[in-house]
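Enquirer: 3D model of this:
(2 chains)
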Amino acid sequence: MPGKRVLIVDDALFMRNTLRDIFSTAGFTVAGEADDGVQAVNLFREIKPDLVTMDIVMPYKSGIDATREIVQLDPGAVVIMCSALGQESLVMEAIEAGATDFIVKPFRGEDVLAVVKKVLGE
Amino acid sequence: MVDAPERKYLALFVGEAKEQLELLQGELVRLESAKEAAAVDLWASVFRRVHSVKGSAATLGLTDIVDVSHAAEALIGRLTSGKTLPQRTHVDALLEASDTLTRLVREAGKLIEPGALFVPQADLPETPPVVKKLTSLASALAEAALPEKKAAPEAAKVVVDPSLPRLEVVVTLSQKCAAPGARAMIVQRKLKGLGTLIEMDPTPAQLMQTKGGARIVAQLASDKAADEIRAVCLSVPEVESVEITSEAGGKVVPPEPVREAPVTPPPPVRNDQPRVPEAELRADATVRVKAELLDQLLEAAGEVLGGISRLREGARRLPENTGTAFEHEIDRLRRQARELHNKVVNARLVPFSLLTERLPRAVRDLAHKLGKEVDFEIAGADVELDRAVIEALGDPLSHLVRNAVDHGLETKALREEAGKPARGKLSLAARRERDRVVVQLEDDGRGFDAQGLKDRAVAAGKLTAEQAAAMSDDEAHELAFLSGVSTRAEADEISGRGVGLDAVQRAIESLGGKLSVASWRGKGTRFSLELPRSVSMSNLLLVQVGGELYGLPVPRVLLTTEYDLSARGGEGFESRSVIVGGQWVHAYGLAKLFGLPSLAPPGPRPFVVLEVDGTTFALAVDRLVGQEEAVVKPLFPPLDRVAGLAGVAVLGSGRPLLVLDPRSLSEMAGVRGMAPLPPRVEAANDHTEHGAGHGDGRAHSAAGSGR
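Expert: Residues are numbered from 1 along each chain as shown, chains lettered A, B, ... in the order given. All right, here's what the predicted structure looks like:
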């Protein structure tokens, strides 16, 4: 997927770094990073990424609400939820809100890329 | 040889399928007499079970099972959709199908055995004949209207374009799937984008909080090509495989060598039952354990208890200052070991329904054969008993039930003549009473013929005409348990020649249970089985004879007493009498019965007074040694043929102990058939009595046991 532009949304720096490494190594362009839902929606509007990875529990605006707004802005937006184990009902809520897919933490790089490749139609 | 994962899934399938099929049989039999509303539920359940077996069998490539269950499913579909009421022939065919499936599943089970070869499909025998029968019955029901109105409740809201082809899409999720509920939701959304999703089983909500793989079956109305549908589903992460079957003509592009016949529109299917393969893949709260392992666990727990007893024995020899602390610790350990033992005992409990599920079928078939009408009711199917008890109870219980239908209940004509309802009533009820389970089988048939029983008992030489004449009806009913009295002279296809109530009684008693009967002439008969709930420790009275130690089951011990024989003619007696509770009872020397020398010193010697079926008798022993709890195990050949023995137990000291069977002893001594002695008033002075409880553990126990 070289060249695809990613927006990483997570309030934890560690997670953002991990995801950034995974995506950069695979040839993606990390177009932006946000650490809360409000920032995420603003950045999405600004940079129009090909892909968003979205944490669920974040300050100011949850990942679910941010996803709902992003999908309203762009029904074709590809948003992948990053959830922790045991957050299944939240993930399901996010899917209802329009999220494209999800990955469950803890994850390995290959897991993330497998989902992303599937979702972007390889 | 079948490889390991294959074997694991096969074992799983065989276990689950057997269970499903057994439940299926019970439901089919109940269907015949079920009222409308109940019948709808039963049909739904029957369909689900067949469907579930089919689905799993298809996954494993067991085509014979797929064929039979598919044909059965098609017939059920027709029966539930049409206006035709199910006839007996339909139920018969479905029962036959379930028999065939049971056999095929059992055969599949053989593949698990070590060294078994996985039979390639081409080598499988031809289609079972029942398939043809089911198919012709289904087509005879004509092209009844499709059960659109009977779709699942949530599906009722879905408006389906009738021109769209119906497809069954089976999506299998990867076992690595961490959130199957969320994953299923994505699949659901994809399917909705392809057409009208009529039903999805299980639903995403049902898959929430489950782990690992799942098999989702979706009914989809769509005009999209199968390839497109498959591609869309496979584009979802963690989707491992997709199978698409069209309603019109078999599998669309089979991706795997699994044969599946066209799908039948399902009747209302409740979604509360987990599907077979996925149930195991999830981390459920229950696991399957081999029965054998439970036996080993029980044995091991028993041995731990025995070891602790030995430790405690040894601690007595320690100096008092250290001994007390040590004993205290051992007692604590013993309590824990006992708790462990209890837990193992409880883990072995299985529901009574394991036995009752197959009975309605047997009753139905037998009644039809005999031209009788029988309403069979079962209560307390959920009462739990040890699996060993359940296993051993199967034959005696089915014998009693068959007996009741065959001999107990009259024909329709005879019943009407007697002013009774044409349909006979047979009820089987189990209930728990503390540590025992009471099972009662009651019919409203002809009742026992007391005079007939007396005549046969006299003819068999079991009692004299005078004794028979003096007997009450209730006493006479018990004669049915004597060998040669209950056995019918003519060969009997149903109950079999030579197997009588005596055999049933022996079987129940070898379980540590009791069988009794109450009967009312012309009104009916009730058999009561009092069974131990579990095979916990037996309480044994230890006695010594001729230098050997024997155990007697305390529940059979009425009391122990001492009696001076030298005052009455000394040793070598064969049969004498002692006074117990103001009554004379026959006394026998245990040494004499076993041909052992009696090593009792002269003077008063101990007697154990036993009761078998209301008959009291006394056994002379050399010494009363004490009381101990132990697990009694059955004897193996050739020892099992030695009269008078019930089993073997291992004492806390590690010493094996033969456990005596009071009934068999009374037969050896010839206690049976003898009239009770007339009471004599002049009490002998040369005896003393020790009160003993009735199996409550308070039986006399000699102080200072020699161990």
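
Enquirer: Give me the pLDDT value at the residue minimising distance to the centre of chain A.
Expert: When CA atoms, centre = their mean is applied to chain A, the residue found nearest the centroid is residue A:53 (1.0 Å). Looking at residue A:53, its pLDDT stands at 95.

Enquirer: Which of the helices or strands spans it?
Expert: Using DSSP states H and E, residue A:53 sits within strand A:51-55.

Enquirer: Could you confirm whether any residue of that strand contacts chain B?
Expert: No. If you take CB under 8 Å from any CB of the partner chain as the test, strand A:51-55 misses chain B, and the best it gets is 13.8 Å. Backbone N, C-alpha and C define where each C-beta goes, glycine included.

Enquirer: quick one: contacts of the helix or strand following that strand?
Expert: Later in the chain than strand A:51-55, the nearest helix or strand by DSSP H and E is helix A:63-73. Here helix A:63-73 makes contact (CB atoms under 8 Å, 6 or more residues apart in numbering or on different chains) with A:9, A:37-38, A:40-41, A:44-45, A:52, A:54-58, A:77, A:79, A:81-82, A:90, A:93-94, A:97-99.

Enquirer: Return the distance of helix A:63-73 from the chain's centre.
Expert: 11 Å (CA atoms, centre = their mean, to the nearest Å).

Enquirer: Kindly export it (C-alpha atoms) in PDB.
Expert: What follows is helix A:63-73, C-alpha atoms only, in PDB (Å, rounded to 0.1, in the frame of the first residue of the first chain):
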ATOM      1  CA  GLY A  63     -13.600   7.700  19.000                       C
ATOM      2  CA  ILE A  64     -17.200   6.600  18.400                       C
ATOM      3  CA  ASP A  65     -18.500  10.100  18.100                       C
ATOM      4  CA  ALA A  66     -15.500  11.200  16.000                       C
ATOM      5  CA  THR A  67     -16.100   8.300  13.700                       C
ATOM      6  CA  ARG A  68     -19.800   9.200  13.300                       C
ATOM      7  CA  GLU A  69     -18.800  12.800  12.400                       C
ATOM      8  CA  ILE A  70     -16.100  11.700  10.000                       C
ATOM      9  CA  VAL A  71     -18.500   9.300   8.200                       C
ATOM     10  CA  GLN A  72     -21.000  12.100   7.900                       C
ATOM     11  CA  LEU A  73     -18.400  14.300   6.300                       C
END
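
Enquirer: I'd like to know the average pLDDT value across that helix.
Expert: Mean pLDDT, computed over helix A:63-73, is 93.

Enquirer: Repeat that for stretch B:65-76.
Expert: Mean predicted confidence for stretch B:65-76 is 86.

Enquirer: Who does the residue nearest to the centre of chain A form a beta bridge with?
Expert: Assessed by DSSP bridges, residue A:53 has beta-bridge partners residue A:8, residue A:80.

Enquirer: Hmm, residue A:6 and it touching each other?
Expert: Yes. Counting by CB atoms under 8 Å, residue A:6 is a contact partner of residue A:53 at 6.9 Å.

Enquirer: Assign the closest residue to chain A within the stretch 501-650 of chain B to helix, strand or coil.
Expert: Closest to chain A within the stretch 501-650 of chain B is residue B:534: 39.1 Å, counting by CB to the nearest CB. For residue B:534, the assignment made with DSSP: H, G, I helix; E, B strand; the rest coil gives coil.
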